[in-house]
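Chemist: Quick one, fold the following:
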Amino acid sequence: MSLSFDPKTLADLAALLNATGLSEIELEEGDRKVRLARAVAPVNMPVVAAAHAPAAPVAAPAAVAPAPAAPDPAKHPGAVKSPMVGVAYLSAEPGAPPYVSVGQNVEAGATLMLIEAMKTFNQIKAPRAGTVKQVLVTSGQPVEFDEPLLIVE
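Modeler: Below you'll find the predicted structure:
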């Protein structure tokens, strides 16, 4: 039995294989059948060592005293936290001095910074009188709800 196929049709099918990324196409029409396949390059996967493989011995590190962990500002009793999501500003306008700086004494209700939220500038006020011990954000920094902004003791 002799089968003849149109070379243009075979070329079109081969182009379809390449264009679609398929590895083979098979067509059947009556008693005629054609199958085109292309070799697919093997994918090289990195070899991962088996979990049960013995590990190489590691020298024990010299005993080192752990560094004291930095206190979490969010848990500090003097933390002033953001009441909203927005952008923090330390001064009223660019180039102006900041509302407060480290070491400065503040009265209860004094403006500490601004938070812009939805095109509105909201004053963040001191919840109590005290000294600014640490400013935890920079001007123009996005802040999240309940994020510590500064420490007043």
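
Chemist: Only C-alpha atoms from now on, for both contacts and neighbour counts.
Modeler: Noted.

Chemist: So for stretch 12-27, what gets flagged as buried?
Modeler: Within stretch 12-27, the residues scored as buried using 16 or more other Cα atoms under 10 Å are 13-14, 17, 24.

Chemist: Can you give me the end-to-end span of that stretch?
Modeler: Stretch 12-27 has an end-to-end distance of 13 Å (criterion: Cα to Cα, to the nearest Å).

Chemist: just stretch 81-92 next, same as before
Modeler: Stretch 81-92 has an end-to-end distance of 19 Å (Cα to Cα).

Chemist: what's the spacing between it and its chain's center?
Modeler: On the basis of Cα atoms, centre = their mean, to the nearest Å, stretch 81-92 sits 22 Å off its chain's mean C-alpha point.

Chemist: and if you look at stretch 120-135?
Modeler: How far stretch 120-135 lies from its chain's middle: 29 Å, per Cα atoms, centre = their mean.

Chemist: Now it: average pLDDT?
Modeler: Throughout stretch 120-135, pLDDT has a mean value of 93.

Chemist: Would you mark the buried spots in it?
Modeler: So for stretch 120-135, counting by 16+ other Cα under 10 Å, buried means 121-127, 130-135.

Chemist: Could you list the low-pLDDT ranges of the protein?
Modeler: The model of the chain has pLDDT under 70 over residues 1-5, 39-71.
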